[in-house]
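Undergrad: next come a sequence and a model predicted from it.
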Amino acid sequence: MAITLPDGSVRDYDAPTTGAEIAASIGAGLAKAALAVKVDGELRDLKRAIDHDAALEIVTSKSPDALELVRHDAAHVLAQAAKELFPDIQVTIGPVIEDGFYYDFSRSEPFTPEDLEKMEKRMAEIIDRDDPIDREVWDRDEAAAFFESVGESYKSEIIRDLPADQTITLYRQGDWIDLCRGPHLPSTGKVPKAFKLMKLAGAYWRGDSRNEMLQRVYGTAWLNKDQLKDHLTRLEEAEKRDHRKLGREMDLFHFQEEAVGSVFWHDKGWRLYRTVQNYVRRRLDAEHYQEVNTPQMVDRSLWEASGHWEKFREHMFTAQTEDDRIWAMKPMNCPCHVQIFRQGTKSYRDLPLRMAEFGSCLRYEPSGALHGLMRVRAFTQDDAHIFCTEDQITSETIRFCELLSSIYSDLGFEAFVVKFSDRPDVRAGEDAVWDQAEDALKAAAEAANLDLELNPGEGAFYGPKLEFVLRDAIGRDWQCGTLQVDFVLPERLDATYVAESGDRKRPVMLHRAILGSFERFLAVLIEHYAGHFPLWLAPTQYVVATVTNEADDYATEVHAQLAQAGLVGLLDTAADKISYKVRQHSVGKIPVILAVGKREAEERTVSIRRLGSKEQQSLALADAIHTLTNESQPPA
RNA sequence: GCCGAAGUAGCUCAGGGGUAGAGCAACUGAUUCGUAAUCAGUAGGCCGGGAGUUCGAAUCUCCCCUUCGGCACCA
């Protein structure tokens, strides 16, 4: 039997053999380091028989697959530990996730943080035992009966639902046996002690809120302790830049109980908001969007016509007036934009018609969904609808993508990925219309040179969508932009235009947003920059701080000239030490500190210190104003 | 909405049936100083809200609200 190794060499073995034996025949070191094998590209247990010619690769901790194996085994060790400590629980599933794993258990009593510590300790003991992990193939019915007999009804339910042609495998480690597809490490001792149980949470069985709630234990697992430490450090860094914390510290906004899910924007936060909004408005103007503004409150009949009443009624704020009319606070802008489109007769010559609104919407989001600025009940979208012909979908998509990537880049985000979400189970419109919409959007995305990740079944109820997910400074992803093709709403709300032929036709609506909502985007922006905004975005751009009161007059003049040049900043003439002032304003994340003392006053210069730098630069006042004015100009 | 945890000064937190605490911030005064903390003093609280137990509740019990971590949801 010929086994081809990654370096191209071919070795001959008697069949059957195993990955473990092959590794041993190559070298004792490799045998020890081996975690699993790849047979013709398929990841397998080291101990599983190999009985045919194959390309083979020994997987060690250096392989890209190692982390996944280790995390998967850590999940199993957790399940074993939990079962040993709490024999009355049922185990369910425990997959690998980003940075680690989780395991869902069924138990009437909630786990406590102390239980978490116990489980972690027991996991270490199981690893020390170094129990061999062995694969067994079982008959389906026997396996289901077995799990039923030991009180593991979730496992037997999983088995019953597995596809008929799937081999049922169980893995035995020590006294514990679990249903699993594998592959696994050869023994529990191979799991590095570089894991940590992170948190407890509730999670629905099979992800369905109609099902019972299980108890989920989250863990993080790595190949070595250094990696674990790095991960924990990254989490601490993320916590420091949490927009809720920075929002308070930088005096940008607050929330309070009387207005759950709505933002109280303070002076500085609102300045940031306006800066971003004004920037986006200029970009839209340049792209020939019409900016409109539509009613906050609209009679329910419009939402019934659009289909939103039926689908989202319980998530809408409503008001009833003396005349018994029911009004809905608009949860979105599209139906209103169609009303503007319907005013007067539109011609094909009017298309594409790009209608934009900084649309303030209200949605009664479920209480558990609220999260700082990221998910609120009152928010403003940078919304627009492009009314166009089918032929224009491609060119409008390309145009939009160019605008979007340019705006992201100006705002400091260079990387983003695009997801394509197609028809959901519950939807409006005929399948033929969906075919048409999906094909059109996909073709347009291809024409725009986008690399698409597929996101099946995640489209809006009226059409497929592209989702633009940007990556922030510490590698986290945030969905912000969207582009959705809609053939349904123009039909429902009876939007038409007169075609070249003189016939009335339905326009296509492209729903699109770049930031998504200002609230959410500003949260992302705050966290991306960790509050250290570039000058054009910073709500307070500079502070003029005196070294002694002898420089007060000059400092006042510097401040006045900067303000005259359009910059926003502070004057600090308090009788404190300059080092104290530097600290105060650095903590306040003011990007530029201009220190002026006797020397500067005499020479008519300023000493500039940038946030995050210990360097100082002495510049003539006029040059400093010139430099800072240039730097504070928005990109467009 | 569901599971779990938490709400004490502006912030971070201690206290745990018998008069409400600290550090930082704030305010007042002094300090005139060269790039991340000068000194002293003052003020600040219905201990998230409501009910109950008790001679007495910030503390114990119940209900509610909000926040946090997840799940579900996200037009």
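TA: Arrived safely, thanks for sending.

Undergrad: where do the helices sit along the stretch 151-300 of chain A?
TA: For the stretch 151-300 of chain A, the helices defined by DSSP state H, counting those that start in this stretch occupy A:153-161, A:225-240, A:243-249, A:267-286, A:300-306.

Undergrad: for those helices, which one sits closest to RNA strand B?
TA: In this view, the helices of the stretch 151-300 of chain A are compared for proximity to RNA strand B by Cβ to the nearest atom of the strand, and helix A:243-249 is the closest at 5.4 Å. C-beta coordinates here come from the backbone N, C-alpha and C atoms, glycine included.

Undergrad: looking at the helices of the stretch 151-300 of chain A, which is nearest to A:Trp205?
TA: In terms of Cβ to Cβ, the element of the helices of the stretch 151-300 of chain A nearest to A:Trp205 is helix A:153-161, at 7.2 Å.

Undergrad: how about JSON lines for the helices of the stretch 151-300 of chain A, with mean neighbour count, distance to A:Gln80 and mean pLDDT added?
TA: Compiled in JSON lines, the helices of the stretch 151-300 of chain A are given as follows (neighbours: other Cβ atoms under 10 Å; distance: least, Cβ to Cβ, whole Å; pLDDT from 0 to 100):
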{"stretch": "helix A:153-161", "mean neighbour count": "17", "distance to A:Gln80": "14", "mean pLDDT": "95"}
{"stretch": "helix A:225-240", "mean neighbour count": "13", "distance to A:Gln80": "21", "mean pLDDT": "94"}
{"stretch": "helix A:243-249", "mean neighbour count": "18", "distance to A:Gln80": "38", "mean pLDDT": "95"}
{"stretch": "helix A:267-286", "mean neighbour count": "17", "distance to A:Gln80": "50", "mean pLDDT": "97"}
{"stretch": "helix A:300-306", "mean neighbour count": "17", "distance to A:Gln80": "53", "mean pLDDT": "96"}
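
Undergrad: possible to save the ones you listed as CSV with distance to RNA strand B?
TA: Output for the helices of the stretch 151-300 of chain A, formatted as CSV (distance: least, Cβ to the nearest atom of the strand, whole Å):
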stretch, distance to RNA strand B
helix A:153-161, 15
helix A:225-240, 9
helix A:243-249, 5
helix A:267-286, 15
helix A:300-306, 8
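
Undergrad: dump these into TSV; add distance to A:Arg206 as well.
TA: Putting these into TSV (distance: least, Cβ to Cβ, whole Å) gives the following:
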stretch	distance to A:Arg206
helix A:153-161	9
helix A:225-240	29
helix A:243-249	32
helix A:267-286	41
helix A:300-306	32
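
Undergrad: nearest to A:Asp131, of those?
TA: Set against A:Asp131 and scored by Cβ to Cβ, the helices of the stretch 151-300 of chain A come closest in helix A:153-161, at 19.9 Å.

Undergrad: so the residue of the stretch 51-200 of chain A found nearest RNA strand B: helix, strand or coil?
TA: Going by Cβ to the nearest atom of the strand, RNA strand B is nearest to A:Pro110 of the stretch 51-200 of chain A, at 3.5 Å. Taking DSSP: H, G, I helix; E, B strand; the rest coil as the rule, one finds A:Pro110 in the coil state.

Undergrad: got a list of what the residue lying closest to it once chain neighbours are set aside touches?
TA: Nearest in space to A:Pro110, with sequence neighbours left out and distances taken as Cβ to Cβ, 6 or more residues apart in numbering, is A:Gln215 at 6.5 Å. A:Gln215 makes contact with A:104-107, A:110-111, A:200-203 under the criterion Cβ atoms under 8 Å, 6 or more residues apart in numbering.

Undergrad: and A:Ala575, by the same measure?
TA: Counted by Cβ under 8 Å, 6+ apart, A:Ala575 has contacts A:Asn549.

Undergrad: surely it forms part of a helix?
TA: No - checked against three-state DSSP, A:Ala575 lies outside a helix; its state is coil.

Undergrad: got the residues of the stretch 351-500 of chain A near RNA strand B?
TA: If contact is defined as Cβ under 7 Å from any atom of the strand, the residues of the stretch 351-500 of chain A in contact with RNA strand B are A:363-372, A:375, A:460-461, A:484.

Undergrad: which residues touch A:Ile97?
TA: The neighbourhood of A:Ile97, defined by Cβ under 8 Å, 6+ apart, consists of A:Arg71.

Undergrad: give me the beta-bridge partners of it?
TA: Following DSSP bridges, A:Ile97 is listed with bridge partners A:Gly100.

Undergrad: any weak-confidence spans in chain A?
TA: Residues of chain A that meet the criterion pLDDT under 70 are absent altogether.

Undergrad: for RNA strand B, give me its nearest residue in chain A.
TA: In chain A, the residue that lies nearest RNA strand B is A:Gly368 (1.7 Å; Cβ to the nearest atom of the strand).

Undergrad: gap between that residue and A:Ser632?
TA: According to Cβ to Cβ, to the nearest Å, A:Gly368 stands 41 Å off from A:Ser632.

Undergrad: who has more neighbours, those two?
TA: Under the neighbour definition other Cβ atoms under 10 Å, A:Gly368 and A:Ser632 were set side by side, and A:Ser632 has more, 21 against 7.

Undergrad: next up, the contacts around that one.
TA: Taking Cβ under 8 Å, 6+ apart as the definition, contacts of A:Ser632 comprise A:535-536, A:541, A:566-567.

Undergrad: need those in TSV with neighbour count and distance to RNA strand B, can you?
TA: Compiled in TSV, those are given as follows (neighbours: other Cβ atoms under 10 Å; distance: Cβ to the nearest atom of the strand, whole Å):
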residue	neighbour count	distance to RNA strand B
A:Leu535	19	16
A:Trp536	15	20
A:Gln541	23	16
A:Gly566	11	24
A:Leu567	20	18
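
Undergrad: list the buried residues of whatever helix or strand A:Gln484 lives in.
TA: Secondary-structure assignment from DSSP states H and E places A:Gln484 in strand A:477-486. Neighbour-count burial for strand A:477-486, counted by 16 or more other Cβ atoms under 10 Å, picks out A:478, A:480-486.

Undergrad: which residue of chain A lies farthest from its centroid?
TA: Of all residues in chain A, A:Glu602 has its C-alpha farthest from the mean position, at 53.0 Å, by Cα atoms, centre = their mean.

Undergrad: by contact count, what packs against the strand or helix carrying it?
TA: With secondary structure defined by DSSP H and E, A:Glu602 is part of helix A:598-603. The criterion is 3 or more Cβ pairs under 8 Å, 6 or more residues apart in numbering; DSSP states H and E, and the helices and strands that helix A:598-603 contacts are helix A:552-564, strand A:605-610.

Undergrad: nearest to A:Ala440 among the contacts of A:Ser632?
TA: Looking at the contacts of A:Ser632 and their distance to A:Ala440, the nearest is A:Trp536, at 37.6 Å (Cβ to Cβ).

Undergrad: which residues touch the closest one?
TA: With contacts taken as Cβ under 8 Å, 6+ apart, A:Trp536 has the following neighbours: A:275, A:631-635.
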